[in-house]
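# Got a predicted structure here, sequence first:
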Amino acid sequence: MQESRLFEMVYRLLERESIPAREFAERFGVSVRTVYRDVDRLSLAGIPVCMTQGQGGGISLLAGWRLDRTALTQEERRQILAALQALRETVPGEPDEGLGKLRAFFGPEEPDWLEVDFGTWTPRPGEQALFSVLKTAILQRRIVTFLYAGHRGSAERRIAEPLRLVYRSNSWYLLAWCRARQDTRFFRLSRMRDLVITREIFPPRTPPAREEPPPAPQEISVLLRFDPRVESRVLDDFGDALREEDGSLTVRGPIPRLPWLVQLLLGYGSACRVEEPEWLRTALREELRRTLAFYETEE
């Protein structure tokens, strides 16, 4: 408690030129004598705190002093600023007063070496507003209802207690207590619509400390050949590829057997040829036949 009081004293003194001791006493609910003792502690810690008596007097810091004379190392300051910058970028347009104040705390501006952007190249209309509404619901512990598009293609109305916003696998999710399932569930923000904050307040519910990651998908052994013109996509999707003498790319070895693997490979069109396994070649042929039949019926 004392440490947080001392930190806030320094914070407020950085914002204002001078503050009366009685104002600090009323702010923290302590006596003026305790405030004077706090000033002594700050002085012993190497923070140049001054006190002046009489009308217009008060507690102040030496002009030009910054927090970089405290126990925080330069590397620790950089880590704090980088973390706050990443947090600010979670929702573009959110105010960044906290980041600006800490930069003022730490003195001279550090090199702008990091840029974090949680957005996508293709804007998702309404997701920023959805994020802000959910943040309000979480802080006020208000029940929310929304339509959610599930894997089966139908949208269901959900009633949930919002607990936490989570960024995972390049997407934002709401971690909430689902009243229909009577358990915590992740809801992807891009699949939510018609969000409504109700007036109902739910009692405090402790979110799970950190959910165990789902089991890794089954792996399959493949042999894939790609045209060199899609090299950048191959590296994005598979991480590595062997360049052959003719310039083509080969992906060989185990890869995750993802539910959308067939659609992923079809997205390469004629730039991808599946050599192994045979069942994957068959699955691709069947999907191509269904797609062709779909367009032939239109004619």
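Noted; the coordinates are in hand. Numbering: from 1, shown residues only.
# start to end distance for stretch 8-27?
The stretch stretch 8-27 measures 10 Å between its terminal residues, going by CA to CA, to the nearest Å.
# Now that stretch: buried residues?
Counting neighbours by 16 or more other CB atoms under 10 Å, one finds that the buried residues in stretch 8-27 are 9-10, 13, 19, 21, 23-25. Yep, even glycine has a C-beta here, placed from its N, CA and C like the rest.
# What of stretch 157-165?
With burial defined by 16+ other CB under 10 Å, the residues of stretch 157-165 counted as buried are 158-163, 165.
# Helices - which of these land there?
When DSSP state H defines the helices, the subset of the buried residues of stretch 157-165 inside them is empty.
# And the furthest pair within the residues you listed?
When the buried residues of stretch 157-165 are compared pair by pair using CB to CB, the two farthest from each other are Ile159 and Leu165, 18.2 Å apart.
# all strands for the stretch 151-299 of the chain, in order.
Remark: strands assigned in the stretch 151-299 of the chain by DSSP state E, counting those that start in this stretch are 155-168, 171-178, 183-188, 192-201, 219-226, 242-243, 249-256, 272-276.
# hang on, Gly247 packs against Arg225?
No: using CB atoms under 8 Å as the test, Gly247 is too far from Arg225 to be in contact (11.2 Å).
# now Ser221, which residues is it bridged with?
Applying DSSP bridges to Ser221 yields these beta-bridge partners: Pro254.
# burial of it, as a residue count?
10 (other CB atoms under 10 Å).
# With Ile255 instead?
Taking other CB under 10 Å as the neighbour definition, Ile255 ends up with a count of 17.
# Was I right to think it contacts Val234?
No: contact status for Ile255 versus Val234: not in contact, 11.8 Å apart, counting by CB under 8 Å.
# shaky segments in the stretch 151-299 of the chain?
Scanning the stretch 151-299 of the chain for pLDDT under 70 picks out 151-153, 169-170, 208-217, 298-299.
# rewinding a little: which two from the buried residues of stretch 8-27 end up farthest apart in space?
Greatest spatial distance in the buried residues of stretch 8-27: Val10 and Ala25, 16.5 Å, computed using CB to CB.
# Give me the pLDDT for Thr145.
pLDDT, the model's per-residue confidence, is 96 for Thr145.
# Pretty sure it sits in a strand.
Yes: with DSSP: H, G, I helix; E, B strand; the rest coil as the criterion, Thr145 is part of a strand.
# Beta-bridge partners for it, please?
Partner residues in beta bridges with Thr145, using DSSP bridges, are Ile159, Val196.
# OK, contacts around it?
Taking CB atoms under 8 Å, 6 or more residues apart in numbering as the definition of contact, the neighbours of Thr145 are 157-160, 195-196, 198.
# Let me see the confidence value for Arg142.
The predicted local confidence for Arg142 comes out at a pLDDT of 94.
# any idea how far the spatially closest residue to it that is not a sequence neighbour lies from Val230?
Once flanking residues are discounted, Arg142 sits nearest to Ile197: 5.0 Å by CB to CB, 6 or more residues apart in numbering. For Ile197, the distance to Val230 under the criterion CB to CB, to the nearest Å works out to 45 Å.
# Over to Pro20?
Using CB to CB, which is the criterion applied here, Pro20 is 69 Å from Val230.
# One more: Arg257?
Counting by CB to CB, the gap between Arg257 and Val230 amounts to 22 Å.
# More neighbours: those two, which one.
The neighbour comparison of Arg257 against Val230 (other CB under 10 Å) goes to Val230, with 17 against 12.
# Name the nearest residue to that one, ignoring sequence neighbours.
Distances taken as CB to CB, 6+ apart put Ala271 closest to Val230, at 4.5 Å, once the chain neighbours are dropped.
# Which one's more surrounded, Gly247 and Arg225?
Set side by side, Gly247 and Arg225 show unequal neighbour counts under other CB under 10 Å, the larger going to Arg225 at 17 against 10.
# who touches Thr250 in this structure?
Under the criterion of CB under 8 Å, 6+ apart, the neighbours of Thr250 are 223-226, 241-244.
# With distance to Leu42 added, can I get the residues you listed in TSV?
Output for the contacts of Thr250, formatted as TSV (distance: CB to CB, whole Å):
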residue	distance to Leu42
Leu223	68
Leu224	65
Arg225	69
Phe226	64
Ala241	60
Leu242	63
Arg243	63
Glu244	68
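# Emit the ChimeraX select command for whichever of these are buried.
Below is the selection syntax for ChimeraX that covers the buried ones among the contacts of Thr250, with 16+ other CB under 10 Å defining burial:
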select :224,225,226,241
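# how about the contacts of Thr250, which pair is most distant?
Taking CB to CB, the two most distant members of those are Leu223 and Arg243; they sit 15.2 Å apart.
# I am finished for the moment; much appreciated.
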